[in-house]
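Student: dropping the sequence and predicted coords here.
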Amino acid sequence: MALLTQQVVNQLEALMEEVDELLKKTFQNVHQGFPRETFTRFLKTREGNAQKAQKMLVDCLEWRVQNDIDDMLAKPIVPGELYRGIRDSQLVGLSGYSNEGLPVFAVGVGLSTFDRASISIVHYYVQSHIQINEYRDRVILPAATKTLNQIKLLTTISSIDDLNYPEKTQTYYIVNAPYVFSACWKVVKPLLQERTRNKIDVLSSCGEDDLLKIMDYSSLPHFCRKRSSDSVKYSESSSGNCFSLDHPFHQQLYSYVKQQFLLCQPAQPVKQGSVHVTLPEDADKEVIAETLESELKKFKDLNISQGSNVNSYKF
């Protein structure tokens, strides 16, 4: 396999800038936010040759446009009995996730009986196969990537706390974790510092039984309570949802921050406006002084009536 360099990836990226907008649009459903990784996949398939990889990718995009692949997930196979028949004879399905968090698809090649299907419904098998691929690439894989990002955020937060706020947090409990999270966690966990790793505990289900060993029921987060009419009502209320801004904690926190902001602001001088004094052209010093003192007194009296602190002046 040819060694891929960044220069070759950049070359393919530049070539793809030349394709028309229709192909660029369908390419978005192919790369799902990771165009350079997609370029790498096509380059590997064509031994690192940018021109050949570009032709392969363009052919793929044209096939998608011609066959409305972007809309394939909006075309259910009906009636349901027909789709069940396809599933019973075209044996393929998601069985779980690998230790790296990648989806594991099982294919029952030797057990599938789609070869007995009539010619009139063969296209449904093709449609079903494409739908599985599209669902994998556009739903399952992005969900796995999102989970990995969530784990990355969790480990970043826990690392910050461990290094800068030591011994302030005893344990991070993870509840309601989907299977893909557990699979990804197995990969990430060994890479963490031991102190951080030991502070993260993944609980089964909502974790209520385990958490009640260390706290009262009233202290359980709303999402850690087993489903009941009371817990549902409590979780739906803003005051019961610890994530909501209406929760007392967030109300108190936000009020405190606003108060601290006001206390830290420098005192601003009160805007007093301007004073216009008209003096005779031939006024002597005494007249000028008396006029100014009179006007300043008026100004001072005005500010006192408005509750302002005014310094006194002598002339």
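Tutor: Perfect, I can see it now.

Student: next, the buried residues of the helix or strand containing Val65.
Tutor: Using DSSP states H and E, the element containing Val65 is helix 50-66. Of the residues in helix 50-66, those buried by neighbour count under the rule 16 or more other C-beta atoms under 10 Å are Ala50, Ala53, Gln54, Leu57, Val58, Leu61, Arg64. C-beta coordinates here come from the backbone N, C-alpha and C atoms, glycine included.

Student: the fourth one against Met16, yeah?
Tutor: Yes. In this structure, Leu57 is within contact of Met16 by C-beta atoms under 8 Å, at 6.9 Å.

Student: mutual contacts of those two, please.
Tutor: The contact sets of Leu57 and Met16 overlap at Phe27, Phe39 (C-beta atoms under 8 Å, 6 or more residues apart in numbering).

Student: circling back to that earlier point, who touches the helix holding Val65?
Tutor: 8, 11-12, 15-16, 19, 22-23, 26-27, 29-30, 39, 42-43, 45-46, 69-70.

Student: could I have the longest helix along the chain exported to CSV, CA atoms only?
Tutor: Taking residue count as the measure and DSSP state H as the definition, the longest helix of the chain comes out as helix 141-164. Extracted as CSV, the C-alpha positions of helix 141-164 are listed here (Å, rounded to 0.1, in the frame of the first residue of the first chain):
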residue,chain,number,x,y,z
LEU,A,141,-21.2,6.2,12.6
PRO,A,142,-21.9,9.9,13.4
ALA,A,143,-23.6,8.8,16.7
ALA,A,144,-20.4,6.8,17.6
THR,A,145,-18.3,9.9,16.8
LYS,A,146,-20.5,12.0,18.9
THR,A,147,-20.1,9.6,21.8
LEU,A,148,-16.3,9.7,21.4
ASN,A,149,-16.5,13.5,21.6
GLN,A,150,-18.7,13.3,24.7
ILE,A,151,-16.1,11.0,26.3
LYS,A,152,-13.3,13.4,25.3
LEU,A,153,-15.2,16.3,26.9
LEU,A,154,-15.8,14.2,30.1
THR,A,155,-12.1,13.2,30.3
THR,A,156,-11.0,16.8,29.7
ILE,A,157,-13.2,18.1,32.4
SER,A,158,-12.2,15.5,34.9
SER,A,159,-8.5,16.1,34.0
ILE,A,160,-8.9,19.8,34.6
ASP,A,161,-10.5,19.1,38.0
ASP,A,162,-7.9,16.6,39.0
LEU,A,163,-5.0,18.9,38.1
ASN,A,164,-6.3,22.2,39.2
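
Student: picking that back up, can you name the next helix or strand after the helix holding Val65?
Tutor: Counting by DSSP H and E, the element after helix 50-66 in chain order, helix or strand, is helix 80-89.

Student: the very next helix or strand once past that next one: partners in the sheet, and parallel or antiparallel?
Tutor: Downstream of helix 80-89, the first helix or strand assigned by DSSP H and E is strand 92-97. Paired with strand 92-97 in the same sheet, following DSSP bridges, are strand 103-107 (antiparallel).

Student: could you give the angle of the strand it pairs with to helix 141-164?
Tutor: Relative orientation of strand 103-107 and helix 141-164, computed by axes from the mean of the first three to the mean of the last three C-alpha atoms, to 10 degrees: 150 degrees.
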